[in-house]
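Engineer: kindly return the folded structure for what I paste below:
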Amino acid sequence: MKFFVIIFIALIITGCFGPSDSEQLYDKAVKMELEQGIESALPVYKEVVEKYKKSDEAKISLKKIEVYIREKLERDGNLRRAKEMRKKADAILHNSSANAAEALPLLHKSHEIFISLTNSSPKNTLYQTELARSYLWLGNLQLKLGITDQALVSFQAYVAANKKLTGLAPQNPKYQDALSYSYYNLSKVQLHLGEIEQGLASYQAGLAVSKNLVKLDPKNPESLRGLLTSHEKLGNLQLRMGEIEQALTSYQASVALGESLIELEPEDILNKMSLLAIQSSIIKVYAKKGDYISASNEMIRYIEFDGVGIIDNKIPRDVGLLEGKWVSYLKWSWYRLYTDKVNEIPAVLTKVISYLPSKDESAVILHTNLAHAYLLSGDYKAAKAVYEKHKGFEFKDGNTWNKAILDDFKALAKEGITHPDFTRIAKEVFGLGFPAVSNK
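Structural biologist: Sure, this is the predicted structure:
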């Protein structure tokens, strides 16, 4: 009896009564299917079939594979049909003579298919991506049709779908970028509905995602570009809400990112254009604040970014550019007129004008601020010579030199920039009256 007990224990130890190799491999496949989905488990099921062809586990595995293939073919067909419906809806939306509302039923039908597909395979990123896009399509059309309450629901679901995608693949920058974009679309509707605080919160959530993207890959141009746009959009919203200082901080963060992008991609003209647009926003904010020193200083940075800097003896890389970029110097000199650095204007404008055709309208327009600078600097003789030189000049827009000068005097005086010689010039050069003013 003792002999049989010893034999039995030995059989247990050696695994003779334990699970077979085919059972162990099959159990591994089942566990993987439960945890990661059937797609992940398929290779293991196939291994069971190939290694243990006559086992029960192989037969079950084969059936699972056959069912998967059959269902996948059906899902693929449904996916194609849903995309075709969306394509038809897109054709309607791009047809100027069609009624946009006709596209809505098509988008709803395709949307139902995308929901069904994601329910059948919750961890399939392709289906989840298409569902997210479907919410975006629906939201945009609902917003266009004025169905804002439904659009809000669609954009909230768009965020949720992209959150799920980032959960399925946390390190995938494409999904992070889509999540950031979805927050901005949600904020757009919230702001449209007057939900300012919620809209700001959505902007900030999108910004946080963009920051995380840059953290994952600090040298990735697309990630940097996304974060730049996030800061810029937040700045726009803060400005709209009257939060001027916060807007400036956001814009300045965008400029820093823009400079980094130019270092990474110096030949990409879009990076330069983006940087110039943000710098322009900063200038406008300072001007709105009445901080004309900062506005004019930021205008110098704008000019340098634009490659036409001649201030501080920096010769432009392409003098010909000045013919198209002279307006930058017009704005810079106008802001400088409001400061105690007005005496810096004549040397710069004289040099800029020297690069332009003498009879070109642009040169004449720049002479307006040149004359004002002379006058405010105390050089009445030089100012009067410029005012008289272009007296009677008619601009292409129908305005005249005489009217432009007097309008400028009024604009400057309104902001507290006054000088007794405004009245003197109006009378001696243009033969017109101008309210007597005192020094600034």
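Engineer: where are the low-confidence patches of the stretch 251-400 of the chain?
Structural biologist: Within the stretch 251-400 of the chain, the segments meeting pLDDT under 70 span 308-324.
Engineer: spell out, range by range, the helices that occur in it.
Structural biologist: Assigned by DSSP state H, counting those that start in this stretch, the helices in the stretch 251-400 of the chain fall at 269-289, 292-305, 322-337, 345-354, 361-376, 380-389.
Engineer: could you export these as TSV, including mean neighbour count and distance to I92?
Structural biologist: (Glycine included, C-beta is placed from N, CA and C.) Conversion of the helices of the stretch 251-400 of the chain to TSV gives the following (neighbours: other C-beta atoms under 10 Å; distance: least, C-beta to C-beta, whole Å):
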stretch	mean neighbour count	distance to I92
helix 269-289	18	32
helix 292-305	20	43
helix 322-337	20	41
helix 345-354	19	52
helix 361-376	22	47
helix 380-389	16	60
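Engineer: so which of those gets nearest L216?
Structural biologist: helix 269-289 (20.6 Å; C-beta to C-beta).
Engineer: okay, now the domains of this structure?
Structural biologist: With domains defined by automatic domain parsing, the chain comprises 20-92, 298-440.
Engineer: among those, which is nearest K284?
Structural biologist: That would be domain 298-440 among those, by C-beta to C-beta, at 9.5 Å.
Engineer: helices along the stretch 1-150 of the chain, start to end?
Structural biologist: Taking DSSP H, counting those that start in this stretch to define them, one finds helices in the stretch 1-150 of the chain at 2-13, 21-36, 38-51, 56-93, 103-120, 125-144, 148-168.
Engineer: now whichever helix or strand comes after the last one - C-alpha only, PDB.
Structural biologist: Translated: helix 148-168. Note on helix 148-168: by DSSP states H and E, the next helix or strand toward the C-terminus is helix 173-192. Provided in PDB are the C-alpha atoms of helix 173-192 (Å, rounded to 0.1, in the frame of the first residue of the first chain):
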ATOM      1  CA  PRO A 173       1.000  61.400 -29.400                       C
ATOM      2  CA  LYS A 174      -1.600  61.200 -32.100                       C
ATOM      3  CA  TYR A 175      -4.300  60.400 -29.600                       C
ATOM      4  CA  GLN A 176      -3.000  63.000 -27.100                       C
ATOM      5  CA  ASP A 177      -3.200  65.600 -29.900                       C
ATOM      6  CA  ALA A 178      -6.700  64.600 -30.800                       C
ATOM      7  CA  LEU A 179      -7.700  64.900 -27.100                       C
ATOM      8  CA  SER A 180      -6.300  68.400 -27.000                       C
ATOM      9  CA  TYR A 181      -8.200  69.400 -30.200                       C
ATOM     10  CA  SER A 182     -11.400  67.900 -28.800                       C
ATOM     11  CA  TYR A 183     -11.200  70.200 -25.700                       C
ATOM     12  CA  TYR A 184     -10.900  73.300 -27.900                       C
ATOM     13  CA  ASN A 185     -13.900  72.200 -29.900                       C
ATOM     14  CA  LEU A 186     -15.900  71.700 -26.700                       C
ATOM     15  CA  SER A 187     -14.800  75.200 -25.400                       C
ATOM     16  CA  LYS A 188     -16.000  76.700 -28.700                       C
ATOM     17  CA  VAL A 189     -19.600  75.600 -28.100                       C
ATOM     18  CA  GLN A 190     -19.400  76.500 -24.400                       C
ATOM     19  CA  LEU A 191     -18.300  80.000 -25.300                       C
ATOM     20  CA  HIS A 192     -21.000  80.200 -27.900                       C
END
